[in-house]
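>>> The amino acid sequence is not available; the structure is as follows:
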């Protein structure tokens, strides 16, 4: 596999987050490997692109009409095999109120694709 | 009810640590100076023995058992009028490639009578379970082990890794006064969605519900990455054991940590702790 340049994996993560902001799940899941894993909070990990679609739409997107992500830290480790993204997520609820929750995601990359995405946050205020 | 647990990193191979824990139980005084206790072995059996410990302030019978696979020497209190339960000396191997073996001393006793802690015969146990006594005991054993053989690591742990790992170990004992010594006076501490608190006092005040609810916790570090010498990311699973029903919750957690002057200046904990507080 061709060696990545520094920042390449971080750019991919930034692109993925942009797609989630646009609620473009069809394009977002193409950024994952076929056998990927996606774990949201304490839920069991979803597997495969369709698993990502299901998990991302059920856990994130049904209670809200939109969201924006303020990235506060984006770091690459292990030659870009690992990316950590610390952010605040602003969820816009159906009544236009905004709920901001802190979140950190850890990504494992395979080439330019995401093999594993782990979302560390407490989403419980979303469901209240 | 005397309960205390304390863990420290030990820079020695697991086997060497185990050997000394075992010898210390079989032959007290060889490694750790005797505290004037008179010890008599009454019975030996496969995997252990029954001993009587007599000193001015304590008289107790202990069933001592060795579980090499678990790395545990367990002293089970027997025939005691006030308490039942165990004292455990345990070594666990490193869980990630940069870690050291962890030595844990735990005292976990249940009173047999309502006023056990107030009785004169209970004082030794109550004193032994004080957080500082426990820390002294486990640190004393660590010093003995590290002095007894060549150092284990060829690649020293970075000072920032060491601070972070020691801070987590201090947090496991639920002794918040000790934990906050790892924080600067103006440190920022953010636990998931809870309000941000500042400094040791802020952490102590904000931790009361947590201390009421959780008996102890264990951090299983999967990765501890250093962005630079003062900024780290730690990915782990944390086991929380609840006081009321001893139910264990293994929850995924990721922390970002910033250090200043070798103390924590900013800790942000990203996880969903809610299951621990739910019924």
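Thanks, I have it. Note that the structure is predicted; figures quoted are calculated from it, not measured.
>>> Residue numbers of chain A in contact with chain B?
Taking Cβ under 8 Å from any Cβ of the partner chain as the contact definition, chain A meets chain B at A:39, A:41-42, A:73, A:75, A:77-78, A:82, A:84, A:86, A:101-104, A:106, A:118, A:120-125. For the C-beta atoms, the positions are set from N, CA and C on the backbone; glycine is no exception.
>>> Residue A:71 contacts residue A:20, doesn't it?
No - with contacts defined as Cβ atoms under 8 Å, residue A:71 does not count as touching residue A:20, sitting 11.9 Å away.
>>> Show me where the chain has its strands.
Here I'm looking at chain A. Along chain A, counting by DSSP state E, strands occupy A:32-40, A:46-47, A:64-77, A:82-93, A:98-110, A:113-120.
>>> other chain: chain B
With DSSP E as the criterion, chain B has strands spanning B:3-9, B:38-45, B:48-55, B:58-67, B:72-78, B:83-92, B:102-111, B:183-191, B:197-198, B:214-228, B:231-242, B:248-260, B:263-271.
>>> In TSV: the ones you listed, plus mean pLDDT and mean neighbour count.
Converted to TSV, the strands of chain B look like this (pLDDT from 0 to 100; neighbours: other Cβ atoms under 10 Å in any protein chain shown):
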stretch	mean pLDDT	mean neighbour count
strand B:3-9	96	22
strand B:38-45	95	10
strand B:48-55	95	17
strand B:58-67	96	18
strand B:72-78	98	19
strand B:83-92	97	20
strand B:102-111	96	21
strand B:183-191	98	18
strand B:197-198	98	16
strand B:214-228	96	18
strand B:231-242	98	19
strand B:248-260	98	19
strand B:263-271	98	20
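>>> about what we covered before: now mean pLDDT too, for the strands of chain A, in CSV please.
Rendered in CSV, the data for the strands of chain A read as follows (pLDDT from 0 to 100):
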stretch, mean pLDDT
strand A:32-40, 97
strand A:46-47, 96
strand A:64-77, 93
strand A:82-93, 96
strand A:98-110, 97
strand A:113-120, 98
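>>> Contacts only, for the residue nearest to residue B:5 when sequence neighbours are not counted.
Sequence neighbours aside, residue B:106 is the residue nearest to residue B:5 in space, at 4.1 Å (criterion: Cβ to Cβ, 6 or more residues apart in numbering or on different chains). The contact partners of residue B:106, by Cβ atoms under 8 Å, 6 or more residues apart in numbering or on different chains, come to B:4, B:5, B:6, B:86, B:87, B:88, B:90.
>>> And the residues you listed, which is closest to residue B:244?
Ranking the contacts of residue B:106 by separation from residue B:244, with Cβ to Cβ as the measure, puts residue B:5 on top at 17.6 Å.
>>> if I look at the closest one, how far off is chain A?
When distance is defined by Cβ to the nearest Cβ, to the nearest Å, residue B:5 is 25 Å away from chain A.
>>> can I assume that residue is in contact with residue B:135?
No - no contact is recorded between residue B:5 and residue B:135 when judged using Cβ under 8 Å, the distance being 10.5 Å.
>>> Find the residues that touch each one of these two.
residue B:173.
>>> Any quick PyMOL command for the buried ones out of the residues of chain A next to chain B?
Entered in PyMOL, the line below selects the buried ones among these, by 16 or more other Cβ atoms under 10 Å in any protein chain shown:
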select buried, chain A and resi 39+41+42+75+77+82+84+86+101+102+103+104+106+118+120+121+122+123+124
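>>> So which bits of the longest helix along chain A are buried?
Residue-count comparison of every helix in chain A, with assignments taken from DSSP state H, identifies helix A:8-21 as the longest. Burial within helix A:8-21, assessed by neighbour count using 16+ other Cβ under 10 Å, is assigned to A:9, A:10, A:11, A:12, A:13, A:16, A:17, A:19, A:20.
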